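Q: Using only what follows, build the 3D model:
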Amino acid sequence: MPSFTAPDGSPVSIPGPTVVRIRDAYPEESTESNAKCRIDHPGVQFVTEDSSAVVPAVKSENTHLGQLTLPNDKPVWFNGAVSRGPIRLVSGHPPKAQSALYITDKIQYVTDTPDAVRTAVAAAGGNALPIPTEGFFATIANVFSKFSAPPAIWD
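A: Next comes the predicted model:
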């Protein structure tokens, strides 16, 4: 089981297969200034290790990790076993986003193209969906989406 250091200095172990997403920590999201990486699993864990150390440790137990690029041009790693995509962009997406995927039940926007998302999801053992297209069915989907609750979005 990969072991890391929490910002308070205590050791933390997270089973690799439970990890759904890894990315660099944003300075404003942790109360500890030394948090460098965010690990999403059944909870959220900030650690002092860089993602360059976290990803290989998790990958040693979870071979389903794929990598894409966030709208802030930073990498994001996702667990393909709980991912599907590409999906159609919904209104209000970040301007740099070219595509999106579901990681568990939340949308993750990325700068990668729909083709690249499909390839990454498939390579990570996820559910590679057809490339979203425009047209009649897309119009109907957009109309129905206005009447349903907006999906949860990864930050």
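Q: Kindly provide the distance from the residue nearest to Arg118 when sequence neighbours are not counted to Pro15.
A: In this structure, Arg118 finds its nearest non-sequential neighbour in Ala128, 4.9 Å apart by CB to CB, 6 or more residues apart in numbering. For glycine as for every other residue, the C-beta is placed from the backbone atoms N, C-alpha and C. For Ala128, the distance to Pro15 (CB to CB, to the nearest Å) stands at 25 Å.
Q: And the two? Which one has more around it.
A: Ala128 (20 against 13; other CB atoms under 10 Å).
Q: Quick check: phi and psi at the more buried one.
A: phi -80, psi 120 (degrees, to the nearest 10).
Q: what sits against Gly66?
A: The contact partners of Gly66, by CB atoms under 8 Å, 6 or more residues apart in numbering, come to Trp77, Phe78, Gly80, Ser83, Ala120, Val121, Ala123, Ala124, Gly126.
Q: wouldn't the last one be in contact with His64 here?
A: This points to Gly126. Yes. Judged on CB atoms under 8 Å, Gly126 makes contact with His64 at a distance of 7.4 Å.
Q: any shared contact partners between those two?
A: Shared contacts of Gly126 and His64, counting by CB under 8 Å, 6+ apart, come down to Gly80, Ala81.
Q: and those two? which has more neighbours close in?
A: Shown here are Gly126 and His64; by other CB under 10 Å, Gly126 has more neighbours (24 against 18).
Q: Next, format the contacts of Gly66 as TSV and append pLDDT, distance to Glu49 and secondary structure.
A: Converted to TSV, the contacts of Gly66 look like this (pLDDT from 0 to 100; distance: CB to CB, whole Å; DSSP: H, G, I helix; E, B strand; the rest coil):
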residue	pLDDT	distance to Glu49	secondary structure
Trp77	98	14	strand
Phe78	98	19	strand
Gly80	98	22	helix
Ser83	98	23	strand
Ala120	98	23	helix
Val121	98	26	helix
Ala123	98	25	helix
Ala124	98	22	coil
Gly126	97	25	coil
